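# 3D, please:
(one chain, ligands or ions: 1)
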Amino acid sequence: MSYVLALLLGWVGFSLIKRLMSQGSVSSSKKKTGQKMLACSVCETYIPEQDAIIKNGKIFCSKEHSE
Ligand SMILES: [Zn+2]
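The predicted structure is shown next:
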C-alpha cells in the first residue's frame, strides 16, 4: 500500500508547487513591470491593467470583446 501513499504525497506536492508557481509568477511579473496583469473574460489574454477595459465588473482586452 506504500505506493498509494507515495502517489498521494506526489500529488499533494505537485499541486502545492503548482499553486506556489502561479502565485510567484503573478507577483514577479508585478515586480518586474510594476503593473498588474488582468485576464480578458472572453479570450483569457493577459493585458496590463492600464490597457484593460473594465465593464460591469468584468475585464476585457479590447473594445470588441467588451461588447
Ligand atoms: Zn479578449
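# is the residue nearest in space to the middle of the chain part of a helix or strand, or is it coil?
The structure's the chain has its C-alpha centroid closest to residue 22; by Cα atoms, centre = their mean the separation is 6.2 Å. At residue 22 the chain is in helix, as set by DSSP: H, G, I helix; E, B strand; the rest coil.
# pLDDT below threshold where in the chain?
Judged against pLDDT under 70, the low-scoring parts of the chain cover residues 1, 24-33.
# could you pull up the residues touching the residue nearest to residue 36 when sequence neighbours are not counted?
Sequence neighbours aside, residue 49 is the residue nearest to residue 36 in space, at 4.2 Å (criterion: Cβ to Cβ, 6 or more residues apart in numbering). For every residue, glycine as well, the C-beta is placed using N, CA and C. Residue 49 sits next to 35, 36, 37, 38 when contact means Cβ atoms under 8 Å, 6 or more residues apart in numbering.
# apply 7 Å and report the result again.
Counting by Cβ atoms under 7 Å, 6 or more residues apart in numbering, residue 49 makes contact with 35, 36, 38.
# what about stretch 36-52, distance to the chain center?
Distance of stretch 36-52 from its chain centroid, counting by Cα atoms, centre = their mean, to the nearest Å, is 10 Å.
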